[in-house]
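Visitor: mind looking at a prediction? Sequence and model below.
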Amino acid sequence: MCMCMTRREFLQAASIVAGGLALSGALPKAAAGAQSQVPVPKVLEGTQAILAPLITRHARLQDDPWVLMHGVRAMGPDFTVGNERAVDFLCSRFLKTQQVAGKEYLYMPVEHEGHPNALLKTILEAGVSPSHPFTLDGRRYTVGDMVNSAKALFVFDPKTIDRDNLAWTLIAFSLQIVPSQDTWTNAWGQQIRLTDVVRLGLDTLDETTRQFRQAKARGVMPTEKDAIMGFTCGGTHLAYSLASCVVNGHGGEGARTRLQDYLALHIWRLQADGYLMDRFYRQAVPPKDASPALQKLAALYYNDARLKFYGHSFEILSYAKRHRLLAPAPAEARVIEQGARTLHEAVKAIEGTDLLEIRQTNLRLFHHLVGDSCHAYHGIRMTPGVNEV
């Protein structure tokens, strides 16, 4: 998450099938076998009612795979565009092939998905089976081909890899790689062990939150942003990805303990990030004689910053609660409740905004508002069998 005014400008495969979520030729009915959603603070019940129509109106864009992926994230594999399921539309229209050492691999260009393997992890998290087929350029492929391609094209050097890109790949691999068989050889002959990648992710969480940990230990609010806030969406994707790894058996008890330590810090961040956010926007507020358009723009950026952080945070919290990684103490529960109220206020503030009009002049802001709404909706209404494995 960046707080500058213009966003820098102004279960493994077997468990998936066993759980009854496998998709072969057809995708599941949303209600079929669905479990109850993860409980969230009651104020968020009204929040999801605002977000649902916003998403169904603005995330069904045939020329925008990024927002369409986020629609799947929010609504699950039955989300449609036109007369077609969005999952199939994305795979058949936007995937490309790449040749390495005489073999062909599937990938989505990063300009479409934002981060490597974002499409793959979105599909897998929605419960789509590796056996699910699709057609690309007249040839039949499966989601399993995408998994194998992702493993083959993944290059790991802890000294040079962009750590901000780890999250999406970690989620995809954690769902499809058996912990006891987590080593493979990529297309260039490099041997990779998922355990090493998970460890780097945990190390990254530790290294980028040192200042926050110190402030929390002293019982004070931070005076400056910590390095984690320079990661996409304030590092929430990385935290969620490591929760996925732990839940699916990767990293052992050591990883679970380290993650739970971070989760306690993240609950504290619900206050700390909000404090820094509010302080920044108080300083950046346009003068009283600024045009109504500028004041409206400033308010949109502020509310999107809150929507982004708290929406993604409830994805982490809901997932952690569902898998018993988190049992908040009473004081932590009160912090989470306040975070829920902040998220509701942010969503209420953008209710009724014509996002398609914003898209015409500010595509980046449009993407933020729609994408962040989708993540928030998923965090609020994380329902196994509907929009979650």
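Guide: Received, thanks.

Visitor: from here on, just use CA atoms for contacts and neighbour counts.
Guide: Fine.

Visitor: now the helix or strand harbouring Leu119: buried residues?
Guide: Assigned by DSSP states H and E, Leu119 falls within helix 118-125. The neighbour-count check on helix 118-125 (16 or more other Cα atoms under 10 Å) flags Ala118, Leu119, Leu120, Lys121, Thr122, Ile123, Leu124, Glu125 as buried.

Visitor: just for the stretch 151-300 of the chain, where's the confidence low?
Guide: Residues of the stretch 151-300 of the chain meeting the criterion pLDDT under 70: none.

Visitor: as a check, name the ranges of all helices in it.
Guide: 166-176, 194-207, 210-218, 236-247, 252-284, 292-322 (DSSP state H, counting those that start in this stretch).

Visitor: can I get the ones you listed in CSV including mean neighbour count and distance to Leu106?
Guide: Below are these laid out as CSV (neighbours: other Cα atoms under 10 Å; distance: least, Cα to Cα, whole Å):
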stretch, mean neighbour count, distance to Leu106
helix 166-176, 24, 14
helix 194-207, 18, 20
helix 210-218, 15, 38
helix 236-247, 25, 22
helix 252-284, 17, 31
helix 292-322, 22, 28
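
Visitor: can I get these in a markdown table with distance to Ser129?
Guide: Below are the helices of the stretch 151-300 of the chain laid out as a markdown table (distance: least, Cα to Cα, whole Å):
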| stretch | distance to Ser129 |
| --- | --- |
| helix 166-176 | 10 |
| helix 194-207 | 21 |
| helix 210-218 | 39 |
| helix 236-247 | 17 |
| helix 252-284 | 25 |
| helix 292-322 | 20 |
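
Visitor: if we can go back for a sec, the helix holding Leu119 to helix 236-247, inter-axis angle?
Guide: Relative orientation of helix 118-125 versus helix 236-247 (axes from the mean of the first three to the mean of the last three Cα atoms, to 10 degrees): 40 degrees.

Visitor: please report how far the closest residue to Gln190 other than its chain neighbours lies from Leu238.
Guide: The spatial neighbour of Gln190 that comes closest, neighbours along the chain excluded (Cα to Cα, 6 or more residues apart in numbering), is Val155 at 7.5 Å. Note on Val155: its distance to Leu238, by Cα to Cα, to the nearest Å, is 18 Å.

Visitor: then Arg73?
Guide: 16 Å.

Visitor: circling back: the inter-axis angle of the helix holding Leu119 versus helix 166-176?
Guide: Going by the same axes, to 10 degrees, helix 118-125 makes 40 degrees with helix 166-176.

Visitor: moving C-terminal of helix 118-125, what's the next helix or strand?
Guide: strand 133-136.

Visitor: pull out the buried residues from that next one.
Guide: So, applying 16+ other Cα under 10 Å, buried residues of strand 133-136: Pro133, Phe134, Leu136.

Visitor: test my guess that the last one contacts Arg93.
Guide: Yes - Leu136 is within contact range of Arg93, at 7.2 Å (criterion: Cα atoms under 8 Å).

Visitor: gap between Ser373 and Gln37?
Guide: Ser373 sits 18 Å away from Gln37, going by Cα to Cα.

Visitor: neighbour count for the two, which is higher?
Guide: Ser373 (28 against 18; other Cα atoms under 10 Å).

Visitor: okay, the more buried one: pLDDT?
Guide: With respect to pLDDT, Ser373 scores 98.

Visitor: one more: the one 4 residues further on?
Guide: In this prediction, Tyr377 carries a pLDDT score of 98.

Visitor: what do you get for Cys2?
Guide: pLDDT, read off for Cys2, is 42.

Visitor: do I have it right that Phe366 meets Ile358?
Guide: Yes - using Cα under 8 Å, Phe366 makes contact with Ile358 at a distance of 6.0 Å.

Visitor: how about the residue nearest to Asp64 when sequence neighbours are not counted, what does it touch?
Guide: Excluding its sequence neighbours, the residue lying closest to Asp64 (Cα to Cα, 6+ apart) is His112, at 7.7 Å. If a contact means Cα atoms under 8 Å, 6 or more residues apart in numbering, then His112 has Asp64, Pro65, Trp66, Phe94 as its contacts.

Visitor: could you export these as a markdown table, including pLDDT, secondary structure and neighbour count?
Guide: Below are the contacts of His112 laid out as a markdown table (pLDDT from 0 to 100; DSSP: H, G, I helix; E, B strand; the rest coil; neighbours: other Cα atoms under 10 Å):
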| residue | pLDDT | secondary structure | neighbour count |
| --- | --- | --- | --- |
| Asp64 | 97 | coil | 15 |
| Pro65 | 98 | helix | 23 |
| Trp66 | 98 | helix | 22 |
| Phe94 | 98 | helix | 16 |
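
Visitor: out of those, the closest to Ala264 would be?
Guide: Trp66 (31.3 Å; Cα to Cα).
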